[in-house]
Structures are given as structure tokens and as C-alpha cells.
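In: have a look; sequence and predicted model below, questions after that.
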Amino acid sequence: MITGMRIPLCRSLPLALVVLCLSTLTSCLARLPETGVPAPGLYKQPTDVKVNATRRTYVVHVPAGYDGRTEVPLVLMLHGAFSTGQDTARDFALDALADREGFLLVLPDGVGINGQFQHWNAGHCCEWSMRNEIDDAGFVLGVLDEVLARFAVDRSRIYVAGYSNGGMMAHHFAAEHTDRVAAVAEVAGCTGGRPGPDDPWETIGDPSRERPVLLIHGRDDGSIAYEGGRGPTSRSKREVTSFASSVALWAENNGCSEQSDESREREGKLLREVYGDCRRGAEVMAITLEGWPHDWPGPPATGKLDAGDPLQGYDAGEEVWRFFERFRRDPAD
């Protein structure tokens, strides 16, 4: 249930509250208005779901031009571990992309401490949320249903994406609720893991339907290792499944051809592999970024690269949206 009145932004608050706002980073976004069409911009909304007496939240970016009548696409974006929906929307320039392309951007918040250090239970990772069996897939579904009751959304164009632990969560959510999404994208995530080398692998469940999937990963990712196992810079002892295994899981689920069509872009630093001939057109696309670490391959990181670097200016958000906009879900599916 959506409740609460819109509150001023930080610049309109007394000095003491401005300091508090800046220190907590996420506390000063407006809530959605109770009635009427929300003005364009970023809102943070509490839910009725509580973990350890703390209400869970989600962030919504209402795109410029939204009129409350015309149905728009919706992108569920799941932040990485120890991040927030608000930071992800702004730091990766996804709010600007949503404005330009006219989609509703919804960013559920994981479980953390006082709105910080948030992460997801993706079935095989991560940390406190997994050990305590937090139903994050159910929470994301509840957020989606609440947003659908509030906004004019084209239900054939609902997509889920995620970065890092959020990429794991995107796989997990899409596998459990395949019927709710038209396509899936993940950046620097994976579909499985295990606590240590002597433990059995845990992976996402079998998706119930074919769905187009885009996967993007840096070959030099030191946290979620491209080749699988424990990354050299990982803060966890957990091992992860390889990028290739994540691609294979969805390609097999979608009945795609075993061989991909490969192409090199950006002076060879971007390898694009497309698995076609899939059932119901559910293409699987895998993008490998040569030399790229565990970082979002877009603003601001790629904008800071030297002008001669082939990946300078590459925007994963743009890549994800260009993939999404090609696909729609059959309402009967």
C-alpha cells in the first residue's frame, strides 16, 4: 500500500536536517504522492514489509513526460551488494536514460543496516540475507505488484536487470517469476555458487519459460570471477559459477543453437556472442569486456578512461535498454 505525502528535498530543509540527509544519503528523497500523477523525478517509498523492525523500501524514477494515462515500459533494476536503489539510479545514469527513453525505473532495496550495506538473497548468495532465508524474490514481486497498481505500465514490457549481487538476484527472480518479465539482463553476476571447494554447487531454479537474456561480464573481474571459483579480490570465501555456465544455462533453457555468432567491437575489447535459433525468439546474448574489472561498465567509470581507450564512453545501461526494447511478452504467456 502506497502511503505518505511528498516531503521537501534536502535544499529546502533546516541546516541540521540537511547534515543528517547528506550523512545518510538515502533519507531525503520524496515519497510518492498519495493521489494524482507524480512529477518526474526520483522517489523513495516505504513498504509494509519489515525485517528486524525496519521497513523495506524501493525507489521509483518517474520519467519525464509520464502522464498517468499512456502505458510505459518498466525496468526493475537490482543494485549491487552494499549499494542502494537511489545510488544505482544516479551513479549509473539510469535516471537520465529512463527520462530519454520513457520507461519507469523501479529499484527495490535489499536488506541492510539503516538503509546501508544492502544486499540480496539470490538463492546461492549472499551473506546475512541468505543465511536468514530472506524472501527477496517475493519482496521484489510485491514491489512490482504495488507499482503496477499505482502506475500506467505496459505489462508486456516489464524487464528485470541487475548488477553484481543484483545480477545474481535478477537471474533468481527471473527463474522464479519467469511469467512476469519480458526479458532479463545482468552485469557482473552469476547463476550459482557454493560456500567452499568441498561444498555442493547451488544454482537458480529452472525457469518455467523461455526468455531473452543479456549477460555482460569483464574478463578481469576479481570479485565474481569470469572463469568461476573464488575471485582474487573477493571479500567472501564463496566460489561462483563461471560466466560461460550462466550463458549455457539460459541458452539451454531457451533451446538455442549450441554455436554462437561472434563479433568483435571497440578494437577487439568487446566480444559479442549471440545464440540464435531459440524457441519463441528468446535470444541469449553474451558480452565479454576484455580487461574490465568488477565495476559497472558505464558512467562514471568508462567516462574516466583515456580518450584512446576502446571502452571509453561505453554504457552498459544503454546496452541493456537496446536489448530490452526489442522484446515483448505475450500477455497470454
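Out: Now that the structure is in, tell me what you want to look at.

In: alpha carbons only for contacts and neighbour counts from here, please
Out: Fine.

In: what is the neighbour count of residue 267?
Out: 10 (other Cα atoms under 10 Å).

In: wait, what's in contact with it?
Out: residue 310 (Cα atoms under 8 Å, 6 or more residues apart in numbering).

In: so how far is residue 308 from it?
Out: 11 Å (Cα to Cα, to the nearest Å).

In: lowest average confidence, helix or strand, in the protein?
Out: Every helix and strand of the chain was ranked by mean pLDDT, DSSP states H and E. The lowest is helix 15-24, at a mean of 38.

In: next SSE downstream of it?
Out: Where DSSP states H and E defines the elements, the next helix or strand beyond helix 15-24 is strand 41-51.

In: quick one, strands of the stretch 101-250 of the chain?
Out: Using DSSP state E, counting those that start in this stretch, the strands assigned to the stretch 101-250 of the chain run over residues 104-108, 111-113, 116-119, 153-163, 183-187, 192-194, 202-203, 213-218, 239-240.

In: just the buried residues of the second one, please?
Out: Spelled out, it's strand 111-113. 111, 112 (16 or more other Cα atoms under 10 Å).

In: okay, now residue 265: neighbour count?
Out: Neighbours of residue 265 under the rule other Cα under 10 Å: 12.

In: next one: residue 124
Out: Number of residues near residue 124 (other Cα under 10 Å) recorded here: 24.

In: got the contact list for it?
Out: 130, 192, 193, 194, 202, 203, 204.

In: mind redoing it with 7 Å?
Out: 192, 193, 194, 202, 203 (Cα atoms under 7 Å, 6 or more residues apart in numbering).

In: residue 178: which of the residues you listed is nearest?
Out: Nearest to residue 178 out of the contacts of residue 124 is residue 203 (Cα to Cα; 15.8 Å).

In: test my guess that that closest one contacts residue 190.
Out: No - between residue 203 and residue 190 no contact is recorded; they are 9.0 Å apart, counting by Cα atoms under 7 Å.

In: give me the number of residues near the residue nearest to residue 200 when sequence neighbours are not counted?
Out: For residue 200, ignoring the flanking residues on the chain, the nearest one in space by Cα to Cα, 6 or more residues apart in numbering is residue 194 at 6.3 Å. Neighbour count of residue 194, defined by other Cα under 10 Å: 20.

In: which one of the strands of the stretch 101-250 of the chain has the most crowded surroundings?
Out: The highest mean neighbour count among the strands of the stretch 101-250 of the chain, using mean count of other Cα atoms under 10 Å, belongs to strand 183-187: a mean of 28.

In: take that one, keep the C-alpha atoms, and write them as PDB.
Out: Only the C-alpha atoms of strand 183-187 are listed here, as PDB (Å, rounded to 0.1, in the frame of the first residue of the first chain):
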ATOM      1  CA  ALA A 183      13.500 -10.100 -20.800                       C
ATOM      2  CA  VAL A 184      16.400 -10.300 -18.400                       C
ATOM      3  CA  ALA A 185      19.800  -8.700 -18.200                       C
ATOM      4  CA  GLU A 186      22.700  -9.000 -15.700                       C
ATOM      5  CA  VAL A 187      26.100  -7.300 -15.400                       C
END
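
In: returning to that earlier point: TSV please, covering the contacts of residue 124 and showing pLDDT and distance to residue 213.
Out: Listed next are the contacts of residue 124 as TSV, based on pLDDT from 0 to 100; distance: Cα to Cα, whole Å:
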residue	pLDDT	distance to residue 213
192	97	16
193	95	20
194	94	23
202	94	20
203	94	17
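
In: pick out the most distant pair among these.
Out: Farthest-apart pair in these is 194 and 203; separation 8.8 Å (Cα to Cα).

In: nearest to residue 328, of the strands of the stretch 101-250 of the chain?
Out: Per Cα to Cα, nearest to residue 328 of the strands of the stretch 101-250 of the chain: strand 153-163, 5.2 Å.

In: average pLDDT for the longest helix along the chain?
Out: Longest helix in the chain, counting residues (DSSP state H): helix 136-150. Helix 136-150 shows a mean pLDDT of 97.

In: now that helix: buried residues?
Out: Within helix 136-150, the residues that count as buried by 16+ other Cα under 10 Å are 136, 137, 139, 140, 141, 143, 144, 147, 150.

In: distance of the nearest residue to residue 126 once chain neighbours are set aside from residue 55?
Out: Distances taken as Cα to Cα, 6+ apart put residue 120 closest to residue 126, at 6.1 Å, once the chain neighbours are dropped. Applying Cα to Cα, the value for residue 120 to residue 55 is 16 Å.

In: so those two - more neighbours on which side?
Out: residue 120 (30 against 15).

In: I'd say that one and residue 136 touch.
Out: Yes - if you go by Cα under 7 Å, residue 120 and residue 136 touch, sitting 6.5 Å apart.
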